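**Student:** give me a 3D structure for the following:
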Amino acid sequence: MSADIDLIAVEDFLYQEASYLDNPDLEKWLALYSPDGTYWMPASENQHDPVNEISHFYDDRVMMEIRKRNFVHPRASSKDSAVRCSHLIGNIRHAGRSDNGDLIITSNFQVVMFYREEQRVFAGTYQHHLIERNNSFLIRSKRVNLINPEAAHKSIIIYL
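**Tutor:** The predicted structure is shown next:
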């Protein structure tokens, strides 16, 4: 880890992101992303291309806004049952900087989701590319690597 990185501040930021998803407060969660931010969940292990290969998600800021609006819409099917989540994050590490200077942060996660009388568990690793801004961060990209990306998954009602 580089001496110029405040890993505790990075951890606090990632924990705050997890809290927004647990609540869920997608308005505050989306505010953590830069205008060019992306959220990617590959559909295969070691996938390198989110555009020319199939992904579970590859959302830019516009698509995240659409999903947020659909999630909170009064007639949305997601309103039929409460969504309850618990995000656990650990092994947070600084993995260097991207070509454009973003912090590359890796971590492990486990998410337990309860929705429509069913509990599901997701696990894997995150890779965040963070922009340092005003003593905090913005997410330029978040990659979610499930430990079982090729498995059949039911609809994922909330971002992991």
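
**Student:** the residue nearest to G90 when sequence neighbours are not counted: neighbour count?
**Tutor:** Among residues not flanking G90 along the chain, N108 sits closest, at 5.2 Å (C-beta to C-beta, 6 or more residues apart in numbering). For glycine as for every other residue, the C-beta is placed from the backbone atoms N, C-alpha and C. Using other C-beta atoms under 10 Å, N108 has 16 other residues around it.

**Student:** secondary structure element holding N108?
**Tutor:** strand 103-115 (DSSP states H and E).

**Student:** could you give the angle of whatever helix or strand comes next after that strand to strand 103-115?
**Tutor:** As assigned by DSSP H and E, the chain's next helix or strand after strand 103-115 is strand 118-133. Angle, strand 118-133 to strand 103-115, by axes from the mean of the first three to the mean of the last three C-alpha atoms, to 10 degrees: 150 degrees.

**Student:** how about the helices in the protein?
**Tutor:** 7-22, 26-31, 61-72 (DSSP state H).

**Student:** which elements pack onto the first one?
**Tutor:** Read it as helix 7-22. The contact analysis (3 or more C-beta pairs under 8 Å, 6 or more residues apart in numbering; DSSP states H and E) places helix 7-22 against helix 26-31, strand 84-97, strand 103-115, strand 118-133, strand 136-146.

**Student:** so what pLDDT did I157 get?
**Tutor:** What the model reports for I157 is a pLDDT of 68.

**Student:** neighbours around Q127, how many?
**Tutor:** Under the neighbour criterion other C-beta under 10 Å, Q127 is assigned a count of 15.

**Student:** pull the contacting residues for it.
**Tutor:** Contacts were defined as C-beta atoms under 8 Å, 6 or more residues apart in numbering; by that measure Q127 touches 95, 104-106, 141-143, 145.

**Student:** want to throw these into TSV with neighbour count and distance to V121?
**Tutor:** Rendered in TSV, the data for the contacts of Q127 read as follows (neighbours: other C-beta atoms under 10 Å; distance: C-beta to C-beta, whole Å):
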residue	neighbour count	distance to V121
A95	13	25
I104	15	26
I105	24	23
T106	16	21
S141	20	25
K142	24	20
R143	20	20
N145	19	15
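
**Student:** gap between the nearest residue to V112 once chain neighbours are set aside and I54?
**Tutor:** Sequence neighbours aside, S86 is the residue nearest to V112 in space, at 4.7 Å (criterion: C-beta to C-beta, 6+ apart). Look at S86 and I54: by C-beta to C-beta, to the nearest Å, they are 28 Å apart.
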